[in-house]
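**Q** Quick one, structure for this:
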Amino acid sequence: MEGMGDGPVRARVCAVFPYNAFSNRYFLVLGGFSWPQVPRQIFFLLLLFLRGSLSLECSAQQPSTGAGGPLQFTLKQAVQLALKQNPQRVIAQVLVSESDRNSQIARSALLPQATLEASGSLNQYNLTSVEKGPRKGVGPYQVIEAGPGFSQTVVDFPKIRQYQIGREGARQSRADEQTTREIVVTAVIDQYLMILRALATRDAASSRVALAQRLYERASELQKTGIGLNIDTVRANVELQNERQNLIDAETLTHTTKYGLAELLDLPRDLDIDVTDRLDFYNLPVLDKKSLLNQALAFRPEILSLNSQQRSAKLSTDSAREQRLPQLDFSGFWFYQGTHFDDGIPAYTYEISLNFPLFTGGRIRAEEARAKLEEDRIAEVRRQQEAQIVDQVKSAIDQLKAARNSVDVANLGFKLAQEEVAQAQRRFAAGVTTNVEVITAQDALARASDNQIAALYQFNISRAALARATGQIETVYTK
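**A** Model prediction:
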């Protein structure tokens, strides 16, 4: 929701489209929340209810759908939707909120504490319990009191350190959340690219089936005219059936990869999806390895998280050491006391306490040593993480360069394979050779097509891997 002050409340209502054309239901996205399968009557009643108080806006970035068709996503839209409702991302956000609350709890120990107390009692006791003499009872008598009590920590260095540790914990949780976001984005991109590869493979297989069908029909015609042989027709038919089988496998792969994307986007189980992008080649700027390494080591969320962990460990060491310092507290109360409400007088106590530890049995020294060991552990983890990041960046750069060259080679190979098939067809039609040469050329074309698709896929995967290695994957794929 926007505009929580005066004036009409504004909400974003996007991607209102038929959810099921046969049941007259709709898929409604309102303010970042979605309600699938909204009945038509409820849908229009909701719009009428919101009409007077909500300003409706539609975003061009939302997924679209045709009449009764599947929900269509661009890669950018899929990433944005995953960052809104992927369960891992939502859990990470909850952990950030928990860390914020923990920081507030640690801070509260340093702030003034106040209570309002009231009590009443009826007492009787034996006088011989406090002095010698005959057995004698005192009472019963009534006592009532009511008033505020208060306390304030004046100097307590361990509590101050705990508050600072809580703040570092909140920073660490935010860095960990960013790591989760990048993991989710990477998973969505990988799955989306797998769908694009499956679709490209399916289209290529469909084209090869059409080619094999034409060659089979050509071989049959030549056999009928007496120019061709039966073996040529059989070979062409075998190749046609092989290509049809490849098409069946490719079709299945397009469905299974879409199911994986729907799971990452946390979509309704009976909602069909489709993608609108295609595998493509991008002209990338010159890659400077040194600057990319510096960027990764400075901005990767894993490094930011380790920075917070190191500061927290140092504060824990200081907190353990500073337990040897005195602790100064101020507390007291102001009560209205008496036997009845109409005969009471003010009663109060103001107290300053100083606590200075003399001997703790070695506990403080052991806690300080343990905190120091935690510092050493995190330092080693950081060294290991930095080495992994350097390896990831260097590997991603090399793989991207190789993939870029592979695209050029694969494109040339595909073009040459097409020419080979065309020449083999002409030679076979002229009776110069059997269709063994044509079948061989078809197989070469299939390999060249697969190589071209694989090269484009690897180029896009390597591009995403470099963005992930430098900590920029969310920026690259959502802006």
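
**Q** Would you mind listing the buried residues in the helix or strand containing residue 459?
**A** Here residue 459, judged by DSSP states H and E, is contained in helix 436-469. Neighbour counts using 16 or more other C-beta atoms under 10 Å place 437-439, 441-442, 444-446, 448-469 of helix 436-469 among the buried residues. (C-beta placed from N, C-alpha, C; glycine too.)

**Q** Packing partners of it?
**A** On a contact count with 3 or more C-beta pairs under 8 Å, 6 or more residues apart in numbering; DSSP states H and E, helix 436-469 meets helix 157-224, helix 230-264, helix 289-299, helix 363-429, helix 473-478.

**Q** State the mean pLDDT of stretch 319-334.
**A** What stretch 319-334 shows for mean pLDDT is 90.

**Q** That one: how far from the chain's middle?
**A** Stretch 319-334 sits 42 Å away from the centroid of its parent chain (C-alpha atoms, centre = their mean, to the nearest Å).

**Q** Name the residues that touch it?
**A** Identification of contacts with stretch 319-334 by C-beta atoms under 8 Å, 6 or more residues apart in numbering yields 117, 147-158, 161-162, 165, 346-357, 360, 364, 367-368, 370-371.

**Q** repeat that with 6 Å
**A** Applying C-beta atoms under 6 Å, 6 or more residues apart in numbering, the external contacts of stretch 319-334 come out as 147, 149, 151-158, 161, 348-356, 364, 367-368, 371.

**Q** and the helix holding residue 459, average pLDDT?
**A** 92.

**Q** Can you give the distance of that helix from its chain's centre?
**A** Computed by C-alpha atoms, centre = their mean, the separation of helix 436-469 from the middle of its chain amounts to 30 Å.

**Q** three-state assignment of the residue nearest to residue 176 when sequence neighbours are not counted?
**A** In this structure, residue 176 finds its nearest non-sequential neighbour in residue 305, 5.3 Å apart by C-beta to C-beta, 6 or more residues apart in numbering. At residue 305 the chain is in helix, as set by DSSP: H, G, I helix; E, B strand; the rest coil.

**Q** List the residues that contact residue 305.
**A** Contacts here follow C-beta under 6 Å, 6+ apart; on that basis residue 305 touches 172, 175, 176.

**Q** Please convert the buried members of the contacts of stretch 319-334 into PyMOL selection syntax.
**A** Entered in PyMOL, the line below selects the buried ones among these, by 16+ other C-beta under 10 Å:
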select buried, resi 147+153+156+157+158+161+364+367+368+371
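
**Q** How is this structure partitioned into domains?
**A** The record assigns the chain these domain ranges, following automatic domain parsing: 9-69, 89-100+171-316+367-478.

**Q** most tightly surrounded among those domains?
**A** Most buried of the domains of the chain, by mean neighbour count (mean count of other C-beta atoms under 10 Å): domain 89-100+171-316+367-478, with a mean of 17.

**Q** gap between the two ends of that one?
**A** Domain 89-100+171-316+367-478 has an end-to-end distance of 15 Å (C-alpha to C-alpha, to the nearest Å).

**Q** Then stretch 273-293?
**A** This stretch, stretch 273-293, spans 38 Å end to end (C-alpha to C-alpha).

**Q** what comes into contact with it?
**A** Stretch 273-293 has contacts (C-beta under 6 Å, 6+ apart) with 70-75, 195-196, 200, 258, 262, 393, 397, 407, 456, 470.

**Q** Name the nearest of those residues relative to residue 138.
**A** When the contacts of stretch 273-293 are ranked by distance to residue 138 (C-beta to C-beta), residue 262 comes first, at 80.2 Å.

**Q** pLDDT at the closest one, what is it?
**A** Note on residue 262: pLDDT of 92.

**Q** Contact partners for residue 367?
**A** Residues near residue 367 by C-beta under 6 Å, 6+ apart: residue 320.

**Q** can you check residue 100 too?
**A** residue 170.

**Q** Try it again at 8 Å.
**A** Counting by C-beta under 8 Å, 6+ apart, residue 100 has contacts 170, 173.

**Q** Tell me the spacing between it and residue 164.
**A** According to C-beta to C-beta, to the nearest Å, residue 100 stands 15 Å off from residue 164.

**Q** ok, now residue 372?
**A** To residue 164, residue 372 is 17 Å away according to C-beta to C-beta.

**Q** what do you get for residue 458?
**A** 47 Å.

**Q** With residue 349 instead?
**A** Distance from residue 349 to residue 164, counting by C-beta to C-beta: 32 Å.

**Q** isn't residue 117 right up against residue 150?
**A** No - the criterion here is C-beta atoms under 8 Å, and residue 117 misses it with residue 150 at 10.6 Å.

**Q** okay, the two: which has more neighbours?
**A** Taking other C-beta atoms under 10 Å, residue 117 and residue 150 do not tie; residue 150 has more neighbours (14 against 11).

**Q** The more buried one falls within a strand, correct?
**A** Yes - membership of residue 150 in a strand is supported by three-state DSSP.

**Q** Any idea what it is bridged to?
**A** Note on residue 150: beta-bridge partners residue 114, residue 332, judged by DSSP bridges.

**Q** low-scoring pLDDT stretches of the protein, where are they?
**A** 1-68, 130, 132-133 (pLDDT under 70).

**Q** The residue lying farthest from the centre of it: which element?
**A** Most distant from the centre of the chain: residue 134, at 80.1 Å, with distances by C-alpha atoms, centre = their mean. According to DSSP H and E, residue 134 maps onto no helix or strand at all.

**Q** The one 4 residues further on now?
**A** Assigned by DSSP H and E, residue 138 belongs to strand 137-155.

**Q** Summarise which helices and strands that strand is packed against.
**A** strand 113-126, strand 327-338.

**Q** any idea how far the closest residue in space to residue 459 that isn't next to it in sequence is from residue 396?
**A** Distances taken as C-beta to C-beta, 6+ apart place residue 403 nearest to residue 459, at 4.0 Å, with adjacent residues excluded. Residue 403 sits 10 Å away from residue 396, going by C-beta to C-beta.

**Q** Equivalent analysis for residue 234, please.
**A** Distance, residue 234 to residue 396, by C-beta to C-beta: 49 Å.

**Q** Repeat that for residue 292.
**A** 9 Å.

**Q** list residues touching both of the two?
**A** Both residue 292 and residue 396 are contacted by 466, 469, under the criterion C-beta under 8 Å, 6+ apart.

**Q** And for residue 425, nearest residue in space, chain neighbours not counted?
**A** residue 438 (6.1 Å).

**Q** so who does the one you found touch?
**A** Contact analysis of residue 438 by C-beta under 8 Å, 6+ apart lists 215, 236, 421, 424, 425, 428.

**Q** do residue 162 as well
**A** By C-beta under 8 Å, 6+ apart, the contact set of residue 162 is 106, 109, 319.

**Q** let's see it at 7 Å
**A** 106, 319 (C-beta atoms under 7 Å, 6 or more residues apart in numbering).

**Q** what's the answer for residue 128, then?
**A** Counting by C-beta under 7 Å, 6+ apart, the residues that residue 128 touches are residue 135.

**Q** what are the ranges of the helices in the stretch 1-150 of the chain?
**A** Assigned by DSSP state H, counting those that start in this stretch, the helices in the stretch 1-150 of the chain fall at 40-51, 75-85, 87-108.

**Q** and those as TSV, adding distance to residue 267?
**A** Formatted as TSV, the helices of the stretch 1-150 of the chain follow (distance: least, C-beta to C-beta, whole Å):
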stretch	distance to residue 267
helix 40-51	19
helix 75-85	8
helix 87-108	12
